[in-house]
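# Quick one: sequence and predicted model below, then my questions.
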Amino acid sequence: MREISTARLWRGQTIRTRADVMRMERLHERSRLIRWSLTAGWWAGWLTVMTVWGCLYVPALGGALTVAALAWLALGPWGLLVVALVGALVARLWSRSSPSSWESRVTSRLRRFARRTRYRWSWDDVCAATGVKATDASHRVIVPRLLWVSLAEHVDELHVQLCAGVTPGVIARQADALACEWCALEVRVLAHPHREGWVLLRVVYRDVLAEDADDEPPASADLKWLRVGRREDGEPWWLRLVGTHVLIAGLTGAGKSGLVAAIIRALAPAIRDGKVRLVGIDPKGGMEYRMVSELFYMLAYGDDEHLVAALEFAADLMRQRAEALGGNVRKLLARMFGDYPLYVILVDELLALTTYIANRDLKDRANAAVRRMLSQGRAPGVVVIGCVQDPRKEVLSFRDMFGYRVALRLDSDVETRMVLSDSAYERGARCDAIPEACPGMGFVIDEDGGKRQPIKVRADWVSDAELSYLAAEYPAPEQVDVPPLATRSKRSGGSTLGGQAA
Ligand SMILES: Nc1ncnc2c1ncn2[C@@H]1O[C@H](COP(=O)(O)OP(=O)(O)OP(=O)(O)O)[C@@H](O)[C@H]1O
Ligand SMILES: [Mg+2]
């Protein structure tokens with residue numbers, strides 16, 4: 001009863017006569033017309049903007065469209081047809097005769113233009129569908145803002161401003177869904193180089209690290225930064241060595257020795273000049289290092305006693321240096337490479353020394369020597385490069401003493417988290433997804449755009465022939481034998497080092 005009276009009241013107030021009804025219909029008609037023209041105008045404007053932008057982005061396409069438009073204006077539809085036929089012929093000839101310039105000037109630019117349009121066009125929908133969203137107090141869905149897109153040949157970077165409730169972790173958890181949506185290999189969430197509250201989404205379409213690299217020069221002048229490979233963004237991979245210990249973790253065949261070879265190649269000129277002394281400790285019977293024994297100041301590859309003796313030699317040497325310098329690290333850094341060469345202790349399988357040795361006394365001594373070097377060796381100029389196959393074992397007890405960690409191909413996410421960190425895995429350091437066919441590929445935590453974050457890298461491949469060449473051309477000026485363990489076991493404070501090591 002109440003509803004009927006309300007309807008009558010409404011009708012009585014607004015529509016009284018036939019003229020009123022006609023006027024209402026005219027109003028409706030006009031507003032529909034306005035809506036349609038606004039929509040059509042919006043689409044026409046959008047199409048114009050996109051066409052102009054597309055023509056500027058792909059100048060070849062812009063030129064062709066301009067010629068076609070002029071021909072149509074001057075000669076009508078026949079002119080347009082002639083231009084279309086000639087254009088198709090030119091395109092065919094160009095793509096056949098110079099595929100690389102056709103690719104770089106036309107197809108690659110068109111692909112990038114299409115990608116940019118897709119990111120912008122579907123950003124809100126993609127975020128809402130993949131769960132990169134939050135809900136505000138009025139139950140409205142809010143998504144981060146896509147502010148800038150920078151496109152490269154195979155890697156795009158989306159600069160995204162986060163919104164309340166959407167953290168970098170939320171996006172990282174949906175990275176696979178975003179990659180599927182954009183048909184990309186992977187999407188990684190990186191800290192933004194310039195802005196807080198923003199993130200950089202790196203969308204990778206082709207893994208350039210899986211392809212062969214051009215040959216690189218063998219030497220690096222600056223010992224602080226060794227060029228050992230490539231980063232996924234095409235930049236060189238610089239490995240920090242002075243002042244830090246390096247842990248290289250990877251399954252068998254993951255490329256640990258390959259990376260060590262790249263490090264040796266970068267160090268070769270300094271080895272020849274006596275600025276760097278390599279101490280090689282190879283529990284695999286010398287399989288890895290004997291081939292280039294000329295480069296080593298000291299090489300241990302025999303039985304366990306031999307290996308532990310070499311470890312203790314390095315640890316004692318470090319202590320002697322620290323004592324001689326009276327803890328004055330600045331003094332050392334100033335004189336480094338002159339009176340005090342940098343000692344690089346290469347241990348091919350760290351666990352073979354600290355865990356797998358059957359003799360308990362030897363094992364304890366090896367552990368103590370490794371710990372001493374890791375905890376005190378940086379300042380006196382003794383750095384350890386340790387390789388491990390299985391990061392789940394005891395090596396993790398001294399993992400944090402390695403300032404620079406490289407995770408190559410690993411078995412599971414747990415191992416990656418253990419070598420790098422939990423957040424590194426969540427930010428896309430998927431070492432368990434590295435294909436077996438790509439040895440030397442891995443992740444490091446390093447500076448990228450001023451922030452420390454996981455970066456995908458691949459070590460340069462150093463062939464056996466190149467290693468033999470380095471051994472012949474850059475031999476160590478001085479070589480010493482490993483001192484016998486018996487004299488070391490007295491632990492007389494390193495007196496057996498004599499004057500051979502400074
Ligand atoms: N950076 C690289 N680029 C291309 N191929 C590589 C690279 N590094 C290694 N390889 C290839 O992968 C093979 C295995 O690599 P490597 O011997 O370095 O593995 P590893 O991790 O040391 O294994 P293991 O633990 O058994 O010693 C090598 O024989 C080499 O052919
Ligand atoms: Mg190896």
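Happy to help now that I have it. Ligands and ions are numbered 1, 2, ... in the order given.
# tell me the domain ranges of the protein?
What the record gives for the chain is the domain set 123-206, 218-497, from automatic domain parsing.
# Determine which stretch of those domains is the most buried.
Mean neighbour counts were taken over those using mean count of other C-beta atoms under 10 Å, and the top value, a mean of 19, falls to domain 218-497. C-beta coordinates here come from the backbone N, C-alpha and C atoms, glycine included.
# in the stretch 101-250 of the chain, which segments are predicted with low confidence?
Judged against pLDDT under 70, the low-scoring parts of the stretch 101-250 of the chain cover residues 212-222.
# Could you tell me which residues of the stretch 351-500 of the chain lie near ligand 1?
By C-beta under 6 Å from any ligand atom, the residues of the stretch 351-500 of the chain that approach ligand 1 are 389, 439-440, 459, 461.
# again, but for the stretch 151-300 of the chain
Listed as neighbours of ligand 1 in the stretch 151-300 of the chain under the rule C-beta under 6 Å from any ligand atom: 250, 252-258.
# Would you mind giving those as CSV with distance to ligand 2 added?
Listed next are these as CSV, based on distance: C-beta to the ion, whole Å:
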residue, distance to ligand 2
G250, 9
T252, 7
G253, 8
A254, 9
G255, 8
K256, 5
S257, 3
G258, 8
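# Which two of those residues have the greatest separation?
In terms of C-beta to C-beta, those reach their longest pairwise distance at T252 and G258, which sit 12.4 Å apart.
# what sits opposite the closest residue to ligand 2 within the stretch 51-200 of the chain in the beta ladder?
Closest approach between the stretch 51-200 of the chain and ligand 2, counting by C-beta to the ion: E186, at 27.3 Å. Under the criterion DSSP bridges, E186 forms beta bridges with V204.
# That one against L178, yeah?
No - taking contacts as C-beta atoms under 8 Å, E186 lies outside contact range of L178: 9.4 Å.
# who touches both of T252 and G258?
Residues touching both T252 and G258 (C-beta atoms under 8 Å, 6 or more residues apart in numbering): there are none.
# what's the nearest residue to R372 if we skip its chain neighbours?
Spatially, and ignoring its direct neighbours in sequence, R372 is nearest to A315 (4.5 Å; C-beta to C-beta, 6 or more residues apart in numbering).
# And the pLDDT at the one you found?
pLDDT recorded at A315 is 90.
# And the closest residue to V276 other than its chain neighbours, what's its pLDDT?
With sequence-adjacent residues excluded and distances taken as C-beta to C-beta, 6+ apart, V276 is closest to A270, at 4.2 Å. In this prediction, A270 carries a pLDDT score of 89.
# A270: helix or strand, and which one exactly?
Following DSSP states H and E, one finds A270 within helix 256-272.
# Within range of ligand 2, give me the residues from the chain.
Within the chain, the residues that sit near ligand 2 (C-beta under 5 Å from the ion) are 256-257.
# and with 8 Å instead?
Contacts of the chain with ligand 2, taken as C-beta under 8 Å from the ion, map to 252, 256-258, 260, 284, 287-288, 348-349, 387.
# tell me the contacts of the residue in the stretch 301-450 of the chain that ligand 1 sits nearest to?
With distances taken as C-beta to the nearest ligand atom, the stretch 301-450 of the chain approaches ligand 1 most closely at G440, which sits 2.3 Å away. Residues near G440 by C-beta under 8 Å, 6+ apart: 229, 254-255, 258-259, 262, 408, 458-461.
# Look at the closest residue to ligand 2 within the stretch 301-450 of the chain and report its pLDDT.
Residue nearest to ligand 2 within the stretch 301-450 of the chain: D348 (6.0 Å; C-beta to the ion). With respect to pLDDT, D348 scores 89.
# Grab the nearest non-local neighbour of it.
D282 (4.7 Å).
# ok, the one you found touching L299?
Yes - with contact defined as C-beta under 8 Å, D282 counts as touching L299 (7.3 Å).
# For the two, list the residues in contact with both.
Counting by C-beta under 8 Å, 6+ apart, the shared contacts of D282 and L299 are 289-290.
# thinking again about what came up before, packing partners for whichever helix or strand comes after the helix holding A270?
Proceeding C-terminally, helix 256-272 gives way to strand 276-281 as the next helix or strand, assigned by DSSP H and E. Using 3 or more C-beta pairs under 8 Å, 6 or more residues apart in numbering; DSSP states H and E as the contact criterion, the elements in contact with strand 276-281 are helix 256-272, strand 298-300, helix 304-324, strand 342-347.
# Give me the helices and strands touching the strand or helix carrying R35, please.
When secondary structure is defined by DSSP H and E, R35 falls within helix 18-57. With contacts defined as 3+ C-beta pairs under 8 Å, 6+ apart, helix 18-57 has these neighbours: helix 59-75, helix 108-130.
# Could you give me the buried positions within it?
54-55, 57 (16 or more other C-beta atoms under 10 Å).
# Measure how it sits relative to helix 108-130, angle-wise.
Orientation note: helix 18-57 sits at an angle of 130 degrees relative to helix 108-130 (axes from the mean of the first three to the mean of the last three C-alpha atoms, to 10 degrees).
# next one: stretch 25-35 to chain centre, how far?
Between the mean C-alpha location of stretch 25-35 and the chain-wide mean there is a distance of 57 Å, by C-alpha atoms, centre = their mean, to the nearest Å.
# what helix or strand does R227 sit in?
In the assignment (DSSP H and E), R227 maps to strand 225-231.
# now the angle from that strand to helix 256-272?
Using the same axes, to 10 degrees: strand 225-231 against helix 256-272 is 150 degrees.
# Would you mind writing the CA trace of strand 225-231 as PDB?
As requested, C-alpha coordinates have been extracted for strand 225-231 and formatted as PDB (Å, rounded to 0.1, in the frame of the first residue of the first chain):
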ATOM      1  CA  TRP A 225      86.600  -5.300  -8.800                       C
ATOM      2  CA  LEU A 226      87.200  -8.200 -11.100                       C
ATOM      3  CA  ARG A 227      85.300  -8.600 -14.300                       C
ATOM      4  CA  VAL A 228      84.200 -12.200 -14.200                       C
ATOM      5  CA  GLY A 229      81.100 -12.300 -16.400                       C
ATOM      6  CA  ARG A 230      77.900 -10.600 -17.400                       C
ATOM      7  CA  ARG A 231      74.800  -9.400 -15.700                       C
END
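# chain center to the very next helix or strand once past that strand: distance?
Remark: after strand 225-231, the chain's next helix or strand is strand 236-240, criterion DSSP H and E. For strand 236-240, the separation from the chain centroid amounts to 12 Å (computed by C-alpha atoms, centre = their mean).
# Next one: the residue nearest to R372 from G197, what distance?
In this structure, A315 lies at 47 Å from G197, with C-beta to C-beta, to the nearest Å as the measure.
# my read: R202 touches L190, true?
Yes - contact criterion C-beta under 8 Å: R202 and L190 qualify, at 5.8 Å.
# and of the residues of the stretch 351-500 of the chain next to ligand 1, the nearest to R321?
For those, the nearest to R321 is A459 (30.1 Å; C-beta to C-beta).
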